[in-house]
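Colleague: Here is my input, please return the structure:
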Amino acid sequence: MSDFDFDIMHRTYHSYFTSTNGDFTFYVGQDNITNEIHDGYDYELEKLDKQPD
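Modeller: Numbering: from 1, shown residues only. I've put the predicted structure just below:
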């Protein structure tokens with residue numbers, strides 16, 4: 001985990017995580033309206049698959 005932040009104004013958390021094999025970094029954050037946690041893991045995996053070899 002890196003760049004862990006707490007947004008005082010919206011009372012939400014935001015950070016970036018690195019995949020276990022170190023291939024990519026993805027966002028993890030909290031929605032300031034619903035307080036649900038969301039991440040970009042699947043999005044980054046899909047983006048990685050679309051890169052040319």
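Colleague: what about residue 27, neighbour count?
Modeller: 15 (other C-beta atoms under 10 Å). C-beta: built from backbone N, CA, C; applies to glycine.
Colleague: and it, what is it in contact with?
Modeller: Going by C-beta atoms under 8 Å, 6 or more residues apart in numbering, residue 27 touches 14, 15, 16, 39, 40.
Colleague: Neighbours of the last one, how many?
Modeller: This points to residue 40. The local packing of residue 40 (other C-beta under 10 Å) involves 17 other residues.
Colleague: cool, and the second one?
Modeller: Applying the criterion other C-beta under 10 Å, we find 16 residues in the vicinity of residue 15.
Colleague: what bridges to it?
Modeller: Judged by DSSP bridges, the bridge partners of residue 15 are residue 28.
Colleague: Touching, it and residue 29? I think so.
Modeller: Yes - at 7.2 Å, residue 15 counts as touching residue 29 under the criterion of C-beta atoms under 8 Å.
Colleague: Name the helix or strand for residue 38, please.
Modeller: strand 37-39 (DSSP states H and E).
Colleague: cool, and residue 26?
Modeller: Assigned by DSSP H and E, residue 26 falls in strand 25-30.
Colleague: Please compute how far that strand lies from its chain's middle.
Modeller: Between the centre of strand 25-30 and the centre of its chain there are 1 Å (C-alpha atoms, centre = their mean, to the nearest Å).
Colleague: Same check on stretch 18-30?
Modeller: 6 Å.
Colleague: in it, what counts as buried?
Modeller: For stretch 18-30, burial by neighbour count (16 or more other C-beta atoms under 10 Å) applies to 26, 28, 29, 30.
Colleague: So what's the residue count around residue 13?
Modeller: For residue 13, the neighbour count with other C-beta under 10 Å is 14.
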